[in-house]
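1. Sequence first, predicted coordinates after that:
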Amino acid sequence: MRLADTPLIPLLALQAAWVAARALRLPEAPGPRSGQAGDGLPLRLLVLGDSSAAGVGAASQDQALAGRLAAYLSPHRHLQWGLHARTGATARSTRISLDTLAPGRYDVAVLALGVNDAKNGVPAARWRRDYTALLDTLTMRYGVTLCIASGVPPLDRFPLLPRPLRDVLGRRAARLDHELAQLAAARADVIHLPVGDALDPSGMAEDGFHPGPAVYDAWARRVARVILDQTSPALASPRPPGRG
């Protein structure tokens, strides 16, 4: 939190408590968390992260990030995919939780993290260390050669959040996303995919905090385009450092 925000702490605490008390609690999307589909070159995909990766705001996994990725990738690849996600997850907790993930090999990992780190006030330097440790674990333990790091969503555009809480969390999210972009630019195995204008507040779920089906679909379409570009005609060498 910036020094300028210090006088707002009592108000921010009240607003955070109000949001926690009034927020609509939506479940993680039901449905399979692994599967295979399609023909062609093999592609092993792991989707991991927080409630957005788990599909909160969608009626089923078919409408969520993993399901839409499978729909966009399977016409071009023989896709084997898995989902490892939990509501409330942070970069650190996700790395720790990989100890419970069954051994396996994956070509590509799609990560959706950052909202909870921003909400929890995780400093940018610690966020970078935690995210780096997660990436290293995916590479060394699971053989991942390409990580798609979804940008930290702009919390200042979330309809649920009142001001000034919305603005403070938005600044935190922007700092973490900037750190993530720098991390990706320094590594040959990571592509940072910023949210940009892809987050349309009108397409969010009824809780005003999670993606709705239209946002999930647009997100998956962008990610699938990058994956297909990077893995065509065969699993390509990762792009050179510096491309975000």
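-> Ah, there it is.

2. Run through this structure and note the low-pLDDT ranges.
-> 1-14, 16, 18-21, 23, 196-198, 233-244 (pLDDT under 70).

3. Give me the residues contacting the helix or strand harbouring A66.
-> Element membership of A66 [criterion: DSSP states H and E] is helix 65-73. The set of residues external to helix 65-73 that reach it, using C-beta atoms under 8 Å, 6 or more residues apart in numbering, is 29, 31, 33, 35, 37-38, 43, 45, 47, 52-53, 55, 58, 60-62, 79, 81, 83, 110, 112, 211, 216-217, 219-221, 223-224, 227-228. In short, each C-beta sits where N, CA and C put it, glycine included.

4. Just the CA trace of that helix, in PDB.
-> Output of helix 65-73 as PDB, limited to C-alpha atoms (Å, rounded to 0.1, in the frame of the first residue of the first chain):
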ATOM      1  CA  LEU A  65     -11.200 -21.600 -19.000                       C
ATOM      2  CA  ALA A  66     -10.100 -25.200 -19.200                       C
ATOM      3  CA  GLY A  67     -13.100 -26.300 -21.100                       C
ATOM      4  CA  ARG A  68     -13.000 -23.500 -23.600                       C
ATOM      5  CA  LEU A  69      -9.300 -24.100 -24.200                       C
ATOM      6  CA  ALA A  70     -10.000 -27.700 -24.900                       C
ATOM      7  CA  ALA A  71     -12.700 -26.600 -27.400                       C
ATOM      8  CA  TYR A  72     -10.300 -24.300 -29.200                       C
ATOM      9  CA  LEU A  73      -7.200 -26.600 -29.200                       C
END
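
5. Strand partners (parallel or antiparallel) of whatever helix or strand comes next after that helix?
-> Sequence order places strand 77-85 as the next helix or strand after helix 65-73, per DSSP H and E. Counting by DSSP bridges, the strands paired with strand 77-85 are strand 34-37 (antiparallel), strand 41-49 (parallel).

6. so how far is strand 77-85 off the chain centroid?
-> With C-alpha atoms, centre = their mean, to the nearest Å as the basis, strand 77-85 stands 15 Å off its chain's centre.

7. by how many degrees do it and helix 65-73 diverge?
-> For strand 77-85 against helix 65-73, the angle by axes from the mean of the first three to the mean of the last three C-alpha atoms, to 10 degrees is 170 degrees.

8. Which stretches in this protein count as helices?
-> Here the chain has its helices, by DSSP state H, at 9-22, 51-54, 65-73, 91-97, 115-119, 124-142, 165-185, 213-230.

9. Of all the ones you listed, which one is nearest Y106?
-> Proximity of the helices of the chain to Y106 was assessed by C-beta to C-beta; the nearest stretch is helix 124-142, lying at 5.1 Å.

10. From the contact counts, what lies against that closest one?
-> Counting contacts by 3 or more C-beta pairs under 8 Å, 6 or more residues apart in numbering; DSSP states H and E, helix 124-142 is packed against helix 91-97, strand 108-112, strand 146-150, helix 165-185.

11. Now those in TSV, please, with extra columns for distance to S202 and mean neighbour count.
-> Listed next are the helices and strands packed on helix 124-142 as TSV, based on distance: least, C-beta to C-beta, whole Å; neighbours: other C-beta atoms under 10 Å:
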stretch	distance to S202	mean neighbour count
helix 91-97	29	20
strand 108-112	21	26
strand 146-150	20	25
helix 165-185	16	20
